[in-house]
Each structure stands twice: as structure tokens, then as C-alpha cells.
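[1] turn this into a structure:
(one chain, ligands or ions: 2)
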Amino acid sequence: MLVVVGSKNPAKLIAVRNVFEGYDCEIAGADIPSGVRNQPMSDEETIKGAVNRAEAALLIQDAQIGIGLEGGVEVTESGLYLCNWGALAADGLETVIAGGARIPLPPEVASRLLDGEELGPVMDEYAGKRNIRKNEGAVGIFTNGKVNRGEMFSHVMNLLLGQYEYRMKNGASR
Ligand SMILES: O=P(O)(O)OP(=O)(O)OP(=O)(O)OC[C@H]1O[C@@H](n2cnc3c(O)ncnc32)[C@H](O)[C@@H]1O
Ligand SMILES: [Mg+2]
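    Numbers count the residues shown, from 1 in each chain. Ligands and ions are numbered 1, 2, ... in the order given. Next up is the predicted model:
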């Protein structure tokens, strides 16, 4: 079985490989646009990005499962929160959706995002590192390394795969 992930970001691919370990399948990453802004600014926009990527990944030749994982932020009364969403698409099945961990961003990072900057480069500058988004992620930085981006997306992937299996088992495919 071929599982296509709508991204080549290693933090996302690691998460997909983790949860499909022991399954007889091949995992491939493909550059697929999210169809939303580079920096999604709400849960709704982030979900849309994840669903778009999953459904476009499924259209790639021989794909049996398409996966979309998307990071964004959500404005709340207690500040700007990192949000993460995932989607799993398969033929004949309503696209499965799951949400991941959320933590608040410090005001100095939040204000730059609200001014239109992207989290990826802002985080690199803030932490004085490179490619944080492909490694531990903002979540890794702000949790002192306790939960990195790959682990966070692994949890989202388990929520997706688990729901997929439940629906397949119970015939709730539509
Ligand atoms: O190559 P893709 O799959 O697009 O991976 P990405 O890192 O850009 O990830 P997203 O598009 O899902 O994330 C949307 C934006 O938020 C940034 N971002 C999201 N989560 C992040 C994190 O944990 N650490 C750093 N940047 C993050 C990211 O760089 C983008 O600007
Ligand atoms: Mg991106």
C-alpha cells in the first residue's frame, strides 16, 4: 500500500513513518501546496490546509492513502496559540480529521505573526537556530524539548490512523 504525505518536511515524514511501522506499506513525501496561506491564522484555515494536502496527495498515482499535516495559529482571548491539524484521505471514505497539541506563543513571537510574518523564520531568529520547523519545531523549543514537532505530529497521526481503522472495521465509510 502506498501512503503519500503532502509535504517533504522531515518532522512530518518521521511522524507518518512512526505510526505506519509494522504495516506493509511504503511512505512517500510529495510537495503539495496547502491551498491556504503559508501561515494559517485560524483552526479553520489550518484544517483546510491539512484536508487540501491529504486529498491532493491521494490523487498521486497509486496512492491508497493521502496524508496532510498542517501547522498554524489560532487567536484566543488568552493569546495566540500554536495549532496543528491532520487529515487522512482514502477512496470511498469521508476525510478523517484530527487535531494536535496547542500551546501559547510568547507575546514577542505572537505580535510578529499578527503583523504578517511566518512562524518558521520568526522562530529561527528568536531561538538563534536554523530550520526549527524541520526539526524540534516551535513546540520543541517552548516545551524545553519535552515534545518535539515529530512527536506532536505522531500523536496526530495515531488519532488519524485509529479513526480510519475504526471506520473500516465498523463499515462507517460514509
Ligand atoms: O513544508 P511544509 O509541509 O509546508 O512544512 P512547514 O514547516 O511550512 O509547515 P506548515 O506549512 O504546516 O506550517 C505553517 C507555517 O507555520 C510554521 N510552523 C508551523 N509549525 C511550526 C513549528 O512547530 N516550528 C516552526 N515553524 C512552524 C511553518 O514554517 C509555516 O510558516
Ligand atoms: Mg508550509
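
[2] so which bits of the protein are right by ligand 1?
    With C-beta under 6 Å from any ligand atom as the criterion, the chain meets ligand 1 at residues 7, 9, 12, 38-39, 70-72, 118-120, 123, 132-133, 137-139, 149. C-beta: built from backbone N, CA, C; applies to glycine.

[3] got a PyMOL select line for the buried ones in these?
    PyMOL command restricting the residues of the chain next to ligand 1 to the buried ones, with burial defined by 16 or more other C-beta atoms under 10 Å:
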select buried, resi 7+9+12+39+70+71+72+119+120+123+132+133+137+138+139+149
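
[4] among the residues of the chain next to ligand 1, which are in helices?
    Those of those mapping onto helices are 12, 119-120, 123, 137-139, 149, per DSSP state H.

[5] could these go into JSON lines alongside distance to residue 83?
    Listed next are these as JSON lines, based on distance: C-beta to C-beta, whole Å:
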{"residue": "12", "distance to residue 83": "15"}
{"residue": "119", "distance to residue 83": "11"}
{"residue": "120", "distance to residue 83": "15"}
{"residue": "123", "distance to residue 83": "15"}
{"residue": "137", "distance to residue 83": "13"}
{"residue": "138", "distance to residue 83": "11"}
{"residue": "139", "distance to residue 83": "11"}
{"residue": "149", "distance to residue 83": "13"}
